[in-house]
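1. Fold the following.
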Amino acid sequence: MSKYTTGEIAKLCGVSVRTVQYYDTRNILTPSELTEGGRRLYSEEDLKRMKIICFLRDAGISINSIGELLSEHDPGSVISVLLEQQENILKEEIHERQVKLDMLDGIKQELKTIENFSIESIGDWC
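-> Here you go, the predicted structure:
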């Protein structure tokens, strides 16, 4: 069974060594073994867990939520709730950005009708 150092697991998962260390301090990813010199060693199972953590982080799930999910005895009952919450957050962000895009588009359209633009005229649109 392979053992990985902090640097190796970081490289395999495309994160920094500091990120792996941070997950250790948060008890989200603890090494399965410590050498006599105090070096952390991670197992294949730890590597799988790290990949799951990275996947969930890429999906925007918070570290706290990931920690709760990974400590659940029945993670299947929690994952759908977490994913739905994240989906709602992302939809709201998309909506907020769409409102800003629409505002910018409106300003651009107004600019086409103005012959002599001045910075003060922006206040007329607010």
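2. Roughly how far does N116 sit from I89?
-> N116 sits at a distance of 43 Å from I89 (criterion: Cβ to Cβ, to the nearest Å). In this view, the C-beta of every residue, glycine as well, is placed from N, C-alpha and C.
3. More neighbours: those two, which one.
-> When neighbours are counted by other Cβ atoms under 10 Å, N116 and I89 differ, and I89 comes out ahead with 13 against 5.
4. What pLDDT does the model give the residue nearest to the more buried one when sequence neighbours are not counted?
-> Nearest residue to I89, sequence neighbours excluded (Cβ to Cβ, 6 or more residues apart in numbering): G60, at 7.1 Å. Note on G60: pLDDT of 89.
5. One more: the one 4 residues further on?
-> Among the per-residue scores, N64 shows a pLDDT of 91.
6. For L56, see how far away it is.
-> For N64 relative to L56 (Cβ to Cβ), the value is 12 Å.
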